[in-house]
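> sharing a model prediction with you, sequence too.
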Amino acid sequence: MTRGGAGSGGPVRRVPRETAVLVTGASGGIGSAIAERFAADGCRVALHYSASAEAVRAAADRCASLGAAQVLTARADVRSRAEVLRMREELKAAGFVPDVLVNNAGVAHYGMLCDVTDEEWDRVMDVNLKGTFLCTQAFMEDMVSRKYGRIINISSVWGLTGASCEAVYSAAKGGINAFTKALAKELALSGVSVNAVAPGAVRTAMLDALDSGDLEALAEEIPAGRLGEPYEIAESVRFLAQPESGYLTGQILSPNGGWVT
């Protein structure tokens, strides 16, 4: 795989072909868009899912049609160390060792903090934050041994600013941001960059709870005058995955239409 750098004849403007990219939570809007963007570059992609087998199969078919060098699907509950390690071994058996890990698996929660149950708190923290920890720990070892890798965590603008009635989700995403910054320092000398993408309001199923009037009002709050699209988040992830982005680490990139600056 071309690494780029001084004397390489100029910057490579795409993720190199055959790069192995694992995207967790790849059945949803942002996750599938990320997988498809790497597929369009001819990368090898593995799409993780937990329960949405039909949706991830459809996304895998789209990846294949876009020219991915290899397409795999992998099921695991990211809250379980045993399942994450099983997924790693199954991927290895297929010859797939990620150069790029995109920790996208997540769940949202809406509601007043006074009404949050222990079970709701644990679910949001375990999927969003513990899942990011377990997947990173499982797949970083090979990156460190190769002295190359890209870990990209999908956070949220609410992890930067907090949101009323989303205290649990905001706390989980804020934890991902802190985890990103700390691990970036830990892995910097190993040639592994660690960054996060913290999207603003993006047109995905996570906004299904809002009616058309709410969505219109939300768009009016955003200086760009519209919601984001999943492909725009995918482009941010792709940028961070490029070999030439290695000096960029420990950063939180927030594509949000100027909503939060």
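Thanks, I have it. This one's a predicted model, so the numbers in the text were calculated from it and none came from an experiment.
> for the rest of this, base every contact and every neighbour count on C-alpha atoms.
Will do.
> what about the strands in the stretch 51-200 of the chain?
Ranges of strands in the stretch 51-200 of the chain, per DSSP state E, counting those that start in this stretch, are 70-75, 100-103, 149-154, 192-197.
> model confidence score at T204, please.
Note on T204: pLDDT of 84.
> CA atoms only: put the one helix or strand in the chain whose mean pLDDT sits lowest into PDB for me.
Least confident helix or strand of the chain, by mean pLDDT, DSSP states H and E, is helix 212-221 with a mean of 88. Output of helix 212-221 as PDB, limited to C-alpha atoms (Å, rounded to 0.1, in the frame of the first residue of the first chain):
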ATOM      1  CA  SER A 212     -41.500  17.700   9.000                       C
ATOM      2  CA  GLY A 213     -42.100  20.900  10.900                       C
ATOM      3  CA  ASP A 214     -39.500  20.100  13.400                       C
ATOM      4  CA  LEU A 215     -37.000  19.200  10.700                       C
ATOM      5  CA  GLU A 216     -37.700  22.500   8.900                       C
ATOM      6  CA  ALA A 217     -37.200  24.400  12.100                       C
ATOM      7  CA  LEU A 218     -34.000  22.600  12.700                       C
ATOM      8  CA  ALA A 219     -32.700  23.400   9.300                       C
ATOM      9  CA  GLU A 220     -33.400  27.100   9.800                       C
ATOM     10  CA  GLU A 221     -31.100  27.000  12.800                       C
END
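> pull the distance from it to the chain's centre.
Helix 212-221 has its C-alpha centroid displaced from the chain centroid by 26 Å (CA atoms, centre = their mean, to the nearest Å).
> what are the contacting residues of it?
Identification of contacts with helix 212-221 by CA atoms under 8 Å, 6 or more residues apart in numbering yields G225, R226, L227, W259.
> now, which of the residues you listed sits nearest R17?
L227 (31.2 Å; CA to CA).
> give the contact list for the closest one.
With CA under 8 Å, 6+ apart, L227 has these contacts: A201, V202, R203, L218, A219, G257.
> hmm, back to that, going by distance to T249, which of the contacts of helix 212-221 wins?
Closest approach between the contacts of helix 212-221 and T249, by CA to CA: W259, at 23.4 Å.
> against R203, how distant is the closest one?
Distance check for W259 against R203: by CA to CA, to the nearest Å, it reads 15 Å.
> now the strands of the stretch 51-200 of the chain in CSV, with mean pLDDT, mean neighbour count and distance to E83?
Listed next are the strands of the stretch 51-200 of the chain as CSV, based on pLDDT from 0 to 100; neighbours: other CA atoms under 10 Å; distance: least, CA to CA, whole Å:
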stretch, mean pLDDT, mean neighbour count, distance to E83
strand 70-75, 98, 20, 8
strand 100-103, 98, 27, 15
strand 149-154, 98, 27, 20
strand 192-197, 98, 28, 23
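> reformat these as a markdown table; add distance to R17.
Formatted as a markdown table, those follow (distance: least, CA to CA, whole Å):
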| stretch | distance to R17 |
| --- | --- |
| strand 70-75 | 11 |
| strand 100-103 | 13 |
| strand 149-154 | 15 |
| strand 192-197 | 19 |
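> so for Q242, which of the ones you listed sits nearest?
Each of these has some distance to Q242 by CA to CA; the shortest is strand 149-154, at 8.4 Å.
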